[in-house]
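Trainee: Quick one: sequence plus predicted model below, questions after.
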Amino acid sequence: MNEARKEIIQVLVVLTGIIFAVKLFFVQVVDNKYAQLADSNALLREVEYPVRGLIYDRHGDLIVHNSPEYDLYVVVKDTRPFDSARFCDIFDITPAQLRQAFRELKARKEYKPFKPTLFLKQLSNYDFAKIQDRLDELPGFFIQARTTRSYNTPSLANALGYVSEISKEQLDRDSLKLYRQGDYIGQSGIEQFYEAQLRGTRGVRFKLRNAKGIVQGAFNNGKFDTLSRPGLDLTTGIDLKLQQYTELLMKGKAGSAVAIEPATGEILALVSGPSYDPGLLTGKAFSSNFKLVSADTNKPLFNRALMAQYRPGSIFKIAQAMTALQEGVITPDTRVRCDRSIIACHGSHTNEDLRGAISNSCNPYFHQVFRRMIQKGKTNDPFTDSHLGLEEWNKHIWSFGFGKKLGVDLPNEKEGLIPTPRYYDRAYRSAAWKFSNIYSLAIGEGENLVVPLQMANFAATIANRGFYYTPHIVKAIGKDGKSLPQYQQRHYTTIDSAFFNVAVDAMQEVVESGTASYRAKLQDIVVCGKTGTVQNEPPLKDHAVFICFAPRDNPKIAIAVYVEDAGFGGRAAASIASLMVEKYLLGETKRPFIEQYVLAGKFE
Amino acid sequence: MRRDEVSGLDWVTILIYLAMVVLGWFNIYAVVYDEAAGRDIWDLSLNSGRQLVFIGASFVIIMVIVIMDLRFYEAFAYVGYGLIVLLLLLVPVIGKEVGGNKAWLGIGSFGVQPSEFAKFITALAVAKYIATVGFKMDNLRNQAVLFLIIGVPMALTLLQKDTGTALVFTSLILVFYREGMSPFLIIVGASAAAIFVLTLLVPNEIYLYAGIGVIWALIILLGKKKVGRIVLVTVGAIMISGVIASVDYVITDVLKPHQQNRIKALINPDADPLGYGWNVTQSKIAIGSGGFWGKGFLEGTQTKFDFVPEQSTDFIFCTIGEEHGWVGTLLVVSLFVALLLRIVYLAERQKNRFTRAYAYGVLAIFFFHFAINIGMTIGLFPVIGIPLPFFSYGGSSLWGFTVLLFILLKLDSHRGEVLQRI
């Protein structure tokens, strides 16, 4: 009987061995959960934040740079109970802020007790020095260095945009997992548009740590570590002096001033008024300042240069003239009687040719011109005829960059509006509309909407005698780099180049003897311009608009200025634009009285 | 030492022993290895260096065991038993406390654990008693004495709060079984333990009671309907229900909080991986991260960086699992299975009852350590602090196991001689 017991014992031993071998096989070979857990145990991912690219103006003057900033992170698992009063003392916060920080910590999407999580943001440089010595008292807390944006000038806020912590929605949309909670991302302006170029690449160092979280050295001798690569620097086409001067001129006014180098499409100045100091939206005070800036009823965050859709007014007459010449419905010598019975006019002219009509901004002339384009008499039905005429007219107008997004390297650009036949079909709920319903378009009123950037681009197109480069802020990405490829190709209008000479002559006359002759005329530079006075709701004054380029031959700068509620375009807008021309081409104004007139801002 | 005394030793066992001791030594070095410190395996300030000293001392001990007269061991059994009981009584008075257990006697800078030596002495005493002329296993008085022999050192180690070592003595019941004791007691004990664990695993005890009711009804309905049988089955069912009812009481009122946690961790280590499940979780992570081939000697991160507690001693198996993978753990498990089967073989070739009983005592003790230690590191048993023989760091345990094994080899080498009763 007892012999059998020997076998039972042998079976027991072997069975135990087999059970262990099988269980071990499952734990070690089949289930790789443990290997991952081991990595999260012992591997510490130390992130090295890259330096964000710098932003320069066209002469190499630094506009945006970085300054160091320190965030406090915590690994909750590694913390020990601490004296909260002392904690508040070290970090210079109130007990309420500490409680708030803990609440926010737990609410974070990726919060895990064993992962480093952002605890306090943006300790200032001074704080950091103080804290560094005393951090030993607080196991589980550590400081992560990174950089924040700093601005050398209070200018250019709307073009630059700002950088702030990535939002929950942005994190969710980040399918490539490039960002993590607490990371910074460009939120508007070129900071947003060139985010991919500016952000650089994060570096990661894998370190081994023991159960107390103390680092024991590099993992695999740093084989998997990557260095952080700084973002690319951007050189803008902005002329910082011109930008600052224009902002000074636009101070206290609502509107926009945009200057473009016609030969390249580079934006020399992009001003939206009212604006804000970009230095407000950075660093520790970001959230409180952002509340103030975004709640401001003047809407300083609203970039009027590309988001404000205005009726263009009389500057649009140039486009009408070019289109009519191309369509062959007029010649430069075509004269139209200034019949003010349908549409009002100004000045004492009576029977002008095209040049005179532009220079005096004759409304009846362009009413007649527009009629000839829209009602060509191709059919007997005036409705169908207008339909066809408007379609042809659309094509030409679009080729100037109106009615569509130009594609500037800034987010949130608006397309404006150039009404199409379909637009009126919908507006009138039928095809029952004809020229007499839409004639306001003739003089840039009616449904036409144009953003200031398109006006400046229009001025550049005339300066180039028929083509434009898409306006863009950034002229070079990285060291010795180029602009993006879409900014290196010409866009031709549908108008023959020769017709533009008529416009150029007329615009020269506008400045020399026409509607802008007093305030836009310069002694040594031939300026070509066109005024516009856009109707406003009384008792508000009309909007003032002026486009120009200079010098007449081989133009260096094309400008559009739009000042809301400033009355006649020949006053506010023409003054500002001509001062910008002087500033850019001569470095200073020789007409202090005009500068005074603009700064005073009364425009009587 | 005569030549034939050495050559008579069982070399298969010795080879397994040497393999285990050497592997164990390397593993202890792997635990304490610190690249930055640059200290080598021989450094006496490291556990690995000290373990080498202990191994060297083991060889001296082996020589002494082999030289010693054969009859000494049987003669020494009761005397030694008396001495060790005395020492165990003294430990709570003059001992020093290490890791919550007051089980150490300090001798200079070294400490020894009398309980490690109590294991082989108790095995000798049990063997000697079984070998007594006129001993009958089914004699109740004889059984009572046997349980007394293992019960006294068990009680004394329990007093030192060393639950692990105390439980080791119960393994000697295997010897009783092999020598003819009815398996009834073992079956009852094992069933009680199984029901105990089952109660912990099943969320509501109602299911268990219901299950017992169903089984009880089935046995009565399907079997012969004799009064005696019905009474027996009913009594059995009531007793099992009693065990279930007592589980809650034992868990909450008898066991200490850390012991309750160890049992809870066994059932669901993920419930609180940073709290009471820490040991088991970290141990499984370390072993599991080794994969098939392991991370390589000295490449382990989990054991080296202190994620696993008690990694030199009770959790040494984790280092093997992490650095040498399934291949390594399979080797170690195989070595133990080979050693145990070899001991069974040795036991069964004995002609005298003392040696055979002692051999089964050796088997029982090794088997218990092997099963419980590895079982706990992979989450099959609750955490019970007992070492893995020949692998865990420590002089007392190494020497204790060495003496245990080599007394058997010494006795075995003289199996051909007719023992004269003293």
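Mentor: Happy to help now that I have it. Just so it is clear, the model here is predicted, and its values are computed rather than measured.
Trainee: Give the closest residue to the residue in the stretch 251-400 of chain B that chain A sits nearest to in space, chain neighbours not counted.
Mentor: Nearest residue of the stretch 251-400 of chain B to chain A: residue B:288, at 2.4 Å (CB to the nearest CB). All C-beta spots, glycine's among them, are computed from the backbone N, C-alpha and C. The shortest distance from residue B:288 to any non-neighbouring residue, by CB to CB, 6 or more residues apart in numbering or on different chains, is to residue A:34 (2.4 Å).
Trainee: Let's see whichever strand or helix holds the one you found as PDB, backbone CA atoms only.
Mentor: Using DSSP states H and E, residue A:34 maps to helix A:33-42. Extracted in PDB, the C-alpha atoms of helix A:33-42 (Å, rounded to 0.1, in the frame of the first residue of the first chain):
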ATOM      1  CA  LYS A  33       1.300  43.200 -20.400                       C
ATOM      2  CA  TYR A  34       4.000  42.700 -17.800                       C
ATOM      3  CA  ALA A  35       6.800  43.900 -20.100                       C
ATOM      4  CA  GLN A  36       4.900  47.100 -20.700                       C
ATOM      5  CA  LEU A  37       4.200  47.500 -17.000                       C
ATOM      6  CA  ALA A  38       7.900  47.000 -16.300                       C
ATOM      7  CA  ASP A  39       8.800  49.800 -18.700                       C
ATOM      8  CA  SER A  40       6.300  52.200 -17.100                       C
ATOM      9  CA  ASN A  41       7.800  51.200 -13.800                       C
ATOM     10  CA  ALA A  42      11.400  51.800 -14.600                       C
END
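Trainee: next one: that helix to chain centre, how far?
Mentor: Chain-centre distance of helix A:33-42: 45 Å, with CA atoms, centre = their mean, to the nearest Å.
Trainee: relative to helix A:33-42, how tilted is the helix ranked longest in chain B?
Mentor: Criterion DSSP state H: the longest helix present in chain B is helix B:316-348. With axes from the mean of the first three to the mean of the last three CA atoms, to 10 degrees as the basis, helix B:316-348 and helix A:33-42 are set at 130 degrees to each other.
Trainee: in helix B:316-348, what's buried?
Mentor: B:316-326, B:328-330, B:332-333, B:335-347 (16 or more other CB atoms under 10 Å in any protein chain shown).
Trainee: now swap in stretch A:406-424 and tell me
Mentor: Under 16+ other CB under 10 Å, the buried positions of stretch A:406-424 are A:406, A:408-411, A:413-421, A:424.
Trainee: avg pLDDT for that stretch?
Mentor: Here stretch A:406-424 scores 93 as its mean pLDDT.
Trainee: try stretch A:361-376
Mentor: 92.
Trainee: how far is that stretch from where the chain is centred?
Mentor: 37 Å.
Trainee: ok, back up a step: what about the residue of the stretch 251-400 of chain B closest to chain A, how many neighbours?
Mentor: Around residue B:288 there are 27 other residues, counting by other CB atoms under 10 Å in any protein chain shown.
Trainee: List the residues that contact the residue of the stretch 351-500 of chain A found nearest chain B.
Mentor: Here the residue of the stretch 351-500 of chain A nearest chain B is residue A:478; by CB to the nearest CB that distance is 40.2 Å. Residues in contact with residue A:478 (CB atoms under 8 Å, 6 or more residues apart in numbering or on different chains) are A:197, A:232-233.
Trainee: Tell me which of those residues fall in helices.
Mentor: residue A:197.
Trainee: any chance you could map the helices in the stretch 101-250 of chain B?
Mentor: Using DSSP state H, counting those that start in this stretch, the helices of the stretch 101-250 of chain B run over B:114-130, B:140-159, B:163-170, B:173-178, B:184-201, B:205-222, B:227-249.
Trainee: if we compare the ones you listed, which one ends up closest to residue A:249?
Mentor: helix B:184-201 (82.4 Å; CB to CB).
Trainee: And chain A, is the closest one touching that?
Mentor: No: figure legend: helix B:184-201 not in contact with chain A (CB under 8 Å from any CB of the partner chain); closest approach 10.5 Å.
Trainee: could you say what helices and strands that helix packs with?
Mentor: helix B:173-178, helix B:205-222, helix B:227-249, helix B:257-267 (3 or more CB pairs under 8 Å, 6 or more residues apart in numbering or on different chains; DSSP states H and E).
Trainee: Show me the one of the ones you listed that comes nearest residue A:294.
Mentor: Of those, nearest to residue A:294 by CB to CB is helix B:257-267, at 53.1 Å.
Trainee: who's in contact with whichever residue of chain A sits closest to chain B?
Mentor: Ranked by CB to the nearest CB, the top residue of chain A for proximity to chain B is residue A:34, at 2.4 Å. Contacts for residue A:34 (CB under 8 Å, 6+ apart) come out as A:27-28, B:284-285, B:287-289.
Trainee: Report the two members of the residues you listed separated by the largest distance.
Mentor: Farthest pair in these, by CB to CB: A:28 and B:285, 11.1 Å.
Trainee: For residue A:275, pull up the helix or strand it's in.
Mentor: Using DSSP H and E, residue A:275 is not contained in any helix or strand.
Trainee: residues in contact with it?
Mentor: Per CB under 8 Å, 6+ apart, neighbours of residue A:275: A:157-158, A:247, A:300.
Trainee: what's the most distant pair in those?
Mentor: Using CB to CB, the two most remote members of the contacts of residue A:275 are A:247 and A:300, lying 12.0 Å apart.
Trainee: can you give me the offset of the longest helix along chain A from its chain's centre?
Mentor: The longest helix of chain A (DSSP H) is helix A:2-25. Relative to its parent chain, helix A:2-25 has a centroid offset of 75 Å by CA atoms, centre = their mean.
Trainee: With that, I have no additional questions.
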